[in-house]
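A.B. asks: Okay, predicted coordinates and the sequence, questions at the end:
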Amino acid sequence: MDFVADRLSDGRPFRLLTLVDNFSRVCPAIEVDFSLNGKRVVEVMEGLKMTFGLPKTIRTTGVNSFRR
């Protein structure tokens, strides 16, 4: 799980939440918006729960993105 940030050609920033299964390399979700908060992360995970189940562990590459 990681956040990626970039800017559109007009300068507006946007963010992507990427989820990748490290074993299968399947990417079950990429959420893109101008603002992504913790509530949105939970909503994405809840949406994937029925199809993929919840992971036993979550590894992040950008720890600071998930701090309060």
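C.D. replies: Received, thanks.
A.B. asks: how about the strands of this protein, start to end?
C.D. replies: 2-7, 13-19, 29-33 (DSSP state E).
A.B. asks: what are the ranges of the helices in this structure?
C.D. replies: With DSSP state H as the criterion, the chain has helices at 38-52.
A.B. asks: for the residue most central in space within it, which residues make a bridge with it?
C.D. replies: With distances taken as C-alpha atoms, centre = their mean, residue 17 lies nearest the centre of the chain, 2.6 Å away. On the basis of DSSP bridges, residue 17 is bridged to residue 3, residue 31.
A.B. asks: So it sits against residue 35, correct?
C.D. replies: No: applying C-beta atoms under 8 Å as the test, residue 17 and residue 35 come out as separate, 11.1 Å apart. Using the backbone N, CA and C atoms, a C-beta is placed for each residue, glycine as well.
A.B. asks: about what we covered before: check what pLDDT the residue nearest to the centre of the chain gets.
C.D. replies: Listed pLDDT for residue 17 reads 93.
A.B. asks: contacting residues for it?
C.D. replies: 1-3, 29-32, 36, 40-41, 44 (C-beta atoms under 8 Å, 6 or more residues apart in numbering).
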